[in-house]
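[1] Using only what follows, build the 3D model:
(one chain, ligands or ions: 1)
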Amino acid sequence: MNMRETGSTVDLSAFWMPFTNNRQFKEAPRLLISAKGMYYRTDDDREILDGTAGLWCVNAGHCRTEIVEAVKAQVEQMEFAPTFQMGHPKAFEAATRIAAHTPGDLKKIFFANSGSEAVDSALKIALAYHRARGEGQRTRLIGRERGYHGVGFGGISVGGLGPNRKAYSGQLLPSVDHLPQTYNLKEQAFSKGQPTWGAHLADQLERLVTLHDASTIAAVIVEPLAGSAGVLVPPQGYLQRLREICDKHGILLIFDEVITGWGRLGAPFASQYFGVTPDLLTMAKGTNNATVPMGAVAVRNDVHDTIVNGAAAGIEFFHGYTYSGHPLAAAAAVATIDVYEKDNLFERAAKISPYFEQAIHRLHDAPNVLDIRNLGLVGGLELKPREGKPGARGYEVFLKCFEKGVLVRCTGDILAFSPPLIVNEQQIDHLFGTVAEALKETA
Ligand SMILES: Cc1ncc(COP(=O)(O)O)c(C=O)c1O
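    Numbering: from 1, shown residues only. Next comes the predicted model:
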């Protein structure tokens, strides 16, 4: 179907689009109307290679028949059931299937509907845990500069992206501090995989402990690999060091794996990839291939037990969402995990990652490239900003790629790549070949 040719039009005025230049978009809209495998199709009937897995989320590729069929069957059988003082089997099944992949003894699963909600839930669990063990004064939360943890007040408070905080800066959570970000162009430029420089930045946590005292700190939250801020790969040894310092001071470590979860680095979670186990782990996106909104927190068994067994009779944890464990989201999660397991998609991602690494680093001498970084099936390409117009070049390259039939993501002047885990070598070549052309044409 070609909507433009058939004269079909969509009224664009009512939808206030998120994280979008609405005025610009509505002047020249980009509409996607169908998707299959590695490709989207636009309203003017063009095929678009998906270099971003939607928004870091469609890890198994688009419209997998098994997942679509599972959701169809569920919606016909029971579209909704509450999980407050009631239950339905799919939510329990989804939790069990998720817990089979989460690291260590993070085997209790709390459901939310997005990454932002998963983050807020995790922060609340951390506070509730310390309170339950008689350390209710541990209320301070430590995030990191350039961290992205969604858009709830909790998430933007621990997050470290200025534009996301600015308008609300008077009303962010109190008692929050931030670690320094881990990226340094001079020391890390063109690193393949994890940079060797920067593990010492984890020691800044000791500085915050000295400043605030450990007895006031509940948790540290970081993305193991920061995606939304522009692909910041953790320096070798950095996460291990954070873990050690948290252990030393009784501070919970939360990994926000909304992007890194479900195979993105070639292991179920970044935690397993790096060999560092957090106490709480947030996920969303790939959990059910983004088929139906779903987020979740995986919680260490004894953190759960401390809250649940320590509570007075009655409801143990006053938190939850109407749609926590929604039947459609749960059905999609079970079917998605079936696909991940059956097709060995995490191993597949691990196998093709070296090819992806070589392909992206071939762009090192393309016009205006300042840095290239990568890990697993994540790549970032940092461009020299246009004089006085930060973000302009990144956006132009994004548009040019879209014109040429490839979807990439731009965050300011950083391009990010995160194709579905089913991507093959030809598609990787097509992706970066198109980016190379776009870079030349926007030089
Ligand atoms: C690390 C991280 N946390 C949280 C979020 C927020 O997720 P959502 O947009 O589903 O609320 C994102 C989204 O990209 C993310 O990358």
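[2] so the residue of the stretch 151-300 of the chain at minimum distance from the ligand, which of the three states?
    Relative to the ligand, the nearest point of the stretch 151-300 of the chain is residue 258 (3.5 Å; Cβ to the nearest ligand atom). Glycine gets a C-beta too; all of them are placed from N, C-alpha and C. Under DSSP: H, G, I helix; E, B strand; the rest coil, residue 258 falls in the coil class.
[3] What does the pLDDT read for it?
    At residue 258, the pLDDT value in this model is 98.
[4] what's near enough to touch it?
    56, 115, 118-119, 150, 223, 282-285, 295 (Cβ atoms under 8 Å, 6 or more residues apart in numbering).
[5] Name the nearest residue to residue 91, ignoring sequence neighbours.
    Spatial nearest neighbour of residue 91, chain neighbours left out: residue 325 (3.1 Å); criterion: Cβ to Cβ, 6 or more residues apart in numbering.
[6] Just confirm that neighbour contacts residue 94, I think it does.
    Yes. Applying Cβ atoms under 8 Å, one finds residue 325 in contact with residue 94, separated by 6.9 Å.
[7] so what's in contact with the two at the same time?
    Both residue 325 and residue 94 are in contact with residue 111, where contact means Cβ under 8 Å, 6+ apart.
[8] The stretch 151-300 of the chain against the ligand: which residues are in contact?
    With Cβ under 6 Å from any ligand atom as the criterion, the stretch 151-300 of the chain meets the ligand at residues 223, 227-228, 256, 258-259, 284.
[9] out of the residues you listed, which is most surrounded?
    Highest neighbour count within those, by other Cβ atoms under 10 Å: residue 256, with 33 neighbours.
[10] is it true that that residue touches residue 120?
    No. Counting by Cβ under 8 Å, residue 256 sits too far from residue 120 to count as a contact (11.4 Å).
[11] Closest residue of the chain to the ligand?
    Counting by Cβ to the nearest ligand atom, the chain gets nearest the ligand through residue 115, at 2.2 Å.
[12] what's that residue in contact with, if anything?
    149-150, 256, 258, 282-285, 295.
[13] same question, residue 228
    Counting by Cβ under 8 Å, 6+ apart, residue 228 has contacts 148, 161, 259, 411.
[14] can you check residue 322 too?
    Going by Cβ under 8 Å, 6+ apart, residue 322 touches 82, 84.
[15] And for residue 35?
    With the criterion set at Cβ under 8 Å, 6+ apart, residue 35 makes contact with 41, 50, 58, 62-63.
[16] In PyMOL, select just the buried ones from those.
    PyMOL command restricting the contacts of residue 35 to the buried ones, with burial defined by 16 or more other Cβ atoms under 10 Å:
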select buried, resi 41+50+58+62
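[17] quick check, nearest of the contacts of residue 35 to residue 131?
    Relative to residue 131, the closest of the contacts of residue 35 is residue 58; by Cβ to Cβ it sits at 38.3 Å.
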